[in-house]
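Provided below are the primary sequence and the corresponding predicted coordinates.
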Amino acid sequence: MKILVLTSRFPYPLEKGDKLRIFYQIRELHHAGYSISLISLTEEPIKDIDYQQVKKYCQNIYIFPLSYLSILKHATVNILRGVAMPFQVSYFYNTAIKKSIDHIIEELKPDHIHCHLIRMMPYVLDKKCSKSLDFMDAFGAGTQRRAEISKFLVRFFWQKEAQWMLRYEKLAAEHFDFLTVISEQDRLRLPLVEEKPKVSVVSNGVDVDFFNIENYKNQYQTIEKKYDLCFVGNLGYYSNIEAVRFLVKKIVPLLKDQKPDIKILLAGARPTTEIKHFEDSNIKVVGWLDDIRQAYAESHILVAPLMHGIGQQNKILEAMAMGLPVVTTSRVNNAIGSVAGKDILLADTEGVFALHILSVLQDIDFQKFISENGRNFVNQNFGWTATTKSMVQLLERKIVQKRPN
C-alpha cells in the first residue's frame, strides 16, 4: 500500500518533538510494509546526512523550501482575503506549493494521505481519498493557555488565534477519515463532541536501544556525573521557558538552603536571552547538543516543572529510559501513566519538588529504586514499535473501508 505523508518540517535532525514523532512513525510504517512517499516543507537547508536518514524509509521525497519573504507574502494575502485560517496554519500555506502537491497526488495516486499536524491540512482538504491527520497535541487548548499568560499587547492576537485554531480543529473532524492525538488528556481537550470517536490516541515512543545507558557507555567509554539536576528541551518554547523560570526562581533557592553547591544543567536548542542570563556558578546553560544523551548521562536527576504544557513529553521518556530519576508534575504524568513513588516522582509546588530532589540526591538506594523502575516502565510500554502499532492497525482498517467494492 502507498502512503503519502505531509510534514511542515523535514523530519530530521530530531531536535524537536514533532520531528521525532513523525520520523519514527515513518520508520515503523516502512517496517510494516508500506511504501512511503514524503512531502516536506522546510525553512532551512537540509543537510545530505539528514536527508539520507529519512530516505532509508521513503520511496519518494519531495522538498518545498519556504522563504520568510514568501511566508510573509502569503500570510498577508490570506489576511487581506479574510481567510479565517489560524496564523500557525497560514504561516505554512502557499498556493503555489498547493498546486505542486496537487500534481504529485495525481501522479502518485496514494492509497492513503497522512497529514502530520494541522498545519498541513489546507493542502489536502479538498481530496476525497482516504486520509488522516495527526493533531499530535491539542493546539487550540494550548493557544488558549498562551493567550491567558500573554501580556496585554499580544493577548488579543493569541485570543483570536485560539478561536481560529479551535474552529480549524473542528473542521478537521469533518474532512478526515480518522484523527490521532498524543495522549488521552489531549483528546479530551479537543473541541469535538460527536466527532470524538474519530480521534485515537497514538502515544509517542522512545528508541530504547539508543537511550540505553550501557550502550552510551560503550560508545563514550567514560561518564562523569557533573550535574545534580538537568532540564532538557527546546529552550525557546514558552512552556519550557515557564518551567525553567519556575525551577531557577522557585525551586533552586530552596535547594541551596541545604545544598549551596548544587549544580544544574539547562540543555536544549534556542535558549532565550532570559535563560542565558540564568547562568551562574550553580547553573550551566548549553544550546543544542549533538547527542542529547550527554545531558542525561552527566546528571543525577531530570527535573521538569511543566505546569501548563500540552502533549506528551519526550524528555521524560528519554530520561527514564536512560535510568535517570525524574521529578515532574502530575499534569505531565497524566499523559504517561507511570506509578508515582515507584517509577517517577510527582510534585506540583516548589516545596514538594525540593523535597523529592533532596531525597533522591541524599539516598542512593532510593535513587537506584526509582531509576530501575522508571527504565523498566518505559522499556515495557514506550518502544516505538509498540506505540505505533495502533496507528498501523487504524490505517489497515480505514484503507480497506475506503476502497470501492
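Received the coordinates, thanks.

Low-confidence bits of the stretch 51-200 of the chain, can you list those?
Residues of the stretch 51-200 of the chain that meet the criterion pLDDT under 70 lie in 74-84, 193-195.

Check the separation of the first and last residues in stretch 88-104.
End-to-end distance for stretch 88-104, by Cα to Cα, to the nearest Å: 24 Å.

mind listing what's buried in it?
Going by neighbour count (16 or more other Cβ atoms under 10 Å), the buried part of stretch 88-104 is 88, 89, 90, 91, 92, 93, 94, 97, 101. For the C-beta atoms, the positions are set from N, CA and C on the backbone; glycine is no exception.

element containing the last one?
When you say that, I think you mean residue 101. In this assignment (DSSP states H and E), residue 101 forms part of helix 95-108.

ok, the buried residues of stretch 88-104 vs residue 136, which is closest?
residue 88 (12.4 Å; Cβ to Cβ).

For this structure, which segments count as strands?
Secondary structure of the chain by DSSP state E: the strands cover 2-7, 35-42, 60-65, 112-116, 131-136, 178-181, 199-201, 227-232, 264-267, 283-286, 299-304, 326-328, 345-346.

could the ones you listed go into TSV alongside mean neighbour count and distance to residue 24?
Formatted as TSV, those follow (neighbours: other Cβ atoms under 10 Å; distance: least, Cβ to Cβ, whole Å):
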stretch	mean neighbour count	distance to residue 24
strand 2-7	24	12
strand 35-42	21	13
strand 60-65	15	17
strand 112-116	25	12
strand 131-136	24	12
strand 178-181	23	14
strand 199-201	18	16
strand 227-232	24	18
strand 264-267	24	21
strand 283-286	17	25
strand 299-304	24	21
strand 326-328	26	21
strand 345-346	22	27
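
possible to save those as TSV with distance to residue 273?
TSV is the format used below for the strands of the chain (distance: least, Cβ to Cβ, whole Å):
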stretch	distance to residue 273
strand 2-7	30
strand 35-42	26
strand 60-65	29
strand 112-116	31
strand 131-136	28
strand 178-181	33
strand 199-201	37
strand 227-232	17
strand 264-267	13
strand 283-286	11
strand 299-304	22
strand 326-328	26
strand 345-346	31
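
Of those, which is nearest residue 20?
Nearest of these (Cβ to Cβ): strand 131-136, 10.6 Å.

Would you map out the domains in the chain?
2-205+384-402, 213-381 (automatic domain parsing).

starting at the chain centroid, how far to the first one?
Going back to what we said before, that points to domain 2-205+384-402. In terms of Cα atoms, centre = their mean, to the nearest Å, the centre of domain 2-205+384-402 is set 13 Å apart from its chain centre.
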